[in-house]
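Asks: test case, fold it:
(one chain, ligands or ions: 2)
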Amino acid sequence: MSSAEASSSKLPPIQKGASLMIAYRLEDRPVLLIGGGVVAAGRLFFLLEAGARVTLVSPPPLHPDISERLSTNPHDITWHSRSFDPVNDDIHVQDFAMVLTAIDEVEISRQICDLCREHRVPVNVADIPPSCDFYFGAQLRRGPLQIMVSTGGSGPKIGAMVRDIVDRALPENLEEAIEGVGLLRGDLRVRAQGVGGSIGRRRMQWMIGICDAWGLESMAKLRDETVRKAVLDHGWEGDRVVRPSDVGLREEKNRRRRLIDWSYAGWYAAGLGGMVTGMTLGMVGTIWMLKRPSR
Ligand SMILES: C[C@@]1(CC(=O)O)C2=NC(=C\c3[nH]c(c(CCC(=O)O)c3CC(=O)O)Cc3[nH]c(c(CC(=O)O)c3CCC(=O)O)/C=C3\N/C(=C\2)[C@@H](CCC(=O)O)[C@]3(C)CC(=O)O)/[C@H]1CCC(=O)O
Ligand SMILES: NC(=O)c1ccc[n+]([C@@H]2O[C@H](COP(=O)([O-])OP(=O)(O)OC[C@H]3O[C@@H](n4cnc5c(N)ncnc54)[C@H](O)[C@@H]3O)[C@@H](O)[C@H]2O)c1
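Replies: Ligands and ions are numbered 1, 2, ... in the order given. Next up, the predicted model:
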């Protein structure tokens, strides 16, 4: 392809160096976690939320959060109270879907990484990017909604700061909106059964229309079974996109959390008032000084 043809392409240019961002399913799958400190405690939390079967290898003392998880989730964690030996251990990395190490021994971490790569088992070595097949990121979760921020290893703390900005900017009733849409999709699949093909295409187009018409603010109302039935009876059966007002509901305004919290309006007014008064006095003083007859 000539450079003229390449530059006229409407496709976004490929910028290499990214990670593949995916939502990896680990329910009931075995994961090996090596280390028992604060970083391992964080990894353990995310693994348990993902439903993984965790084999933990670390000598005591364990981080208190890990000890607590061992008593609250005894069936999800098997603890081997000893060090992992990358040269000769009777726990084999190839028996696991992935391996995470969070230990304070760089050389042993590197050996574990080599072992995993030899057996093609994905591995993350906390804080050693070249020994990571995947990175962790700053995360937030609201029920089914999960958001992860990655900076490609360049600035993990910035990732956490961005995560906090996103967290503050999200609408309040997002979980309920996702639940409502999830229930509507379920009901729709019962009415219009079949996978793929023309029925799949029609279902998808209709769902996109409903989401656009209802907006994040109104979708929570779809948790009500009678509302869902009305939407399907009038909308799906009539082959049209119905809005909340079409099924007797009020259209909601966007309730996104504001960067400026107006409950502090009194304080803002007092501050602004003080600033204006100060500026006025300053200006009057300057004019008085300038107008004063010179000696
Ligand atoms: C996001 C988070 C997730 C998590 O680990 O759970 C995470 N690091 C977090 C915090 C954090 N890590 C560090 C600081 C100190 C401040 C600073 O250095 O900025 C802080 C801040 C703090 O602790 O508040 C030090 C650090 N981290 C790495 C190196 C090595 C290097 O850069 O070479 C060094 C330097 C060590 C040294 O100087 O010796 C490497 C990695 N850390 C990653 C993830 C992966 C890339 C993520 C991305 O692409 O954004 C990657 C590549 C591998 C991995 O570990 O997966 C978690 C935030 C959790 C949260 O708040 O929710
Ligand atoms: N990515 C991040 O967010 C982040 C943040 C801070 C630190 N780190 C890095 O992660 C690593 C762990 O940090 P930490 O603060 O949890 O350390 P830590 O010192 O609190 O814990 C290390 C743990 O590893 C265990 N351990 C050591 N050798 C072992 C072996 N051969 N087998 C099994 N367990 C072994 C120790 O007993 C201990 O429980 C360090 O390399 C640190 O630099 C990463």
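Asks: alpha carbons only for contacts and neighbour counts from here, please
Replies: Noted.
Asks: now the element after the strand or helix carrying M204, going C-ward?
Replies: In this assignment (DSSP states H and E), M204 forms part of helix 197-218. From helix 197-218 onward toward the C-terminus, using DSSP H and E, the following helix or strand is helix 225-230.
Asks: tell me the buried residues in the helix holding M204?
Replies: Within helix 197-218, the residues that count as buried by 16 or more other Cα atoms under 10 Å are R203, W206, M207, I210, C211, A213, W214, G215, L216, E217, S218.
Asks: which two among these are spaced furthest apart?
Replies: R203 and E217 (21.9 Å; Cα to Cα).
Asks: and the contacts of the helix holding M204?
Replies: Contact with helix 197-218 is made by 171, 173-174, 177, 181, 185, 188, 192-194, 219, 236, 240-244, 251-255, as judged by Cα atoms under 8 Å, 6 or more residues apart in numbering.
Asks: wait, a helix at D114?
Replies: Yes. Checked against DSSP: H, G, I helix; E, B strand; the rest coil, D114 lies within a helix.
Asks: so where's the protein uncertain?
Replies: Applying pLDDT under 70 to the chain flags the ranges 1-7, 253-274, 276-278, 285, 287, 293-295.
Asks: one more pass at 80, please.
Replies: Along the chain, the model assigns pLDDT under 80 to residues 1-7, 252-295.
Asks: just want the most central residue of it.
Replies: With distances taken as Cα atoms, centre = their mean, I147 lies nearest the centre of the chain, 1.0 Å away.
Asks: got phi/psi on that residue?
Replies: phi -130, psi 130 (degrees, to the nearest 10).
Asks: how far off centre is stretch 129-142?
Replies: The gap between where stretch 129-142 is centred and where its chain is centred comes out at 11 Å by Cα atoms, centre = their mean, to the nearest Å.
Asks: oh, I was asking about stretch 228-244
Replies: 31 Å.
Asks: could you do stretch 138-153 as well?
Replies: Its chain's C-alpha centre and that of stretch 138-153 lie 3 Å apart, by Cα atoms, centre = their mean.
Asks: sorry, back to before: save the buried residues of helix 197-218 as JSON lines, and put in distance to A41 too.
Replies: As requested, the buried residues of helix 197-218 are exported to JSON lines (distance: Cα to Cα, whole Å):
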{"residue": "R203", "distance to A41": "43"}
{"residue": "W206", "distance to A41": "44"}
{"residue": "M207", "distance to A41": "40"}
{"residue": "I210", "distance to A41": "41"}
{"residue": "C211", "distance to A41": "38"}
{"residue": "A213", "distance to A41": "43"}
{"residue": "W214", "distance to A41": "40"}
{"residue": "G215", "distance to A41": "38"}
{"residue": "L216", "distance to A41": "34"}
{"residue": "E217", "distance to A41": "36"}
{"residue": "S218", "distance to A41": "38"}
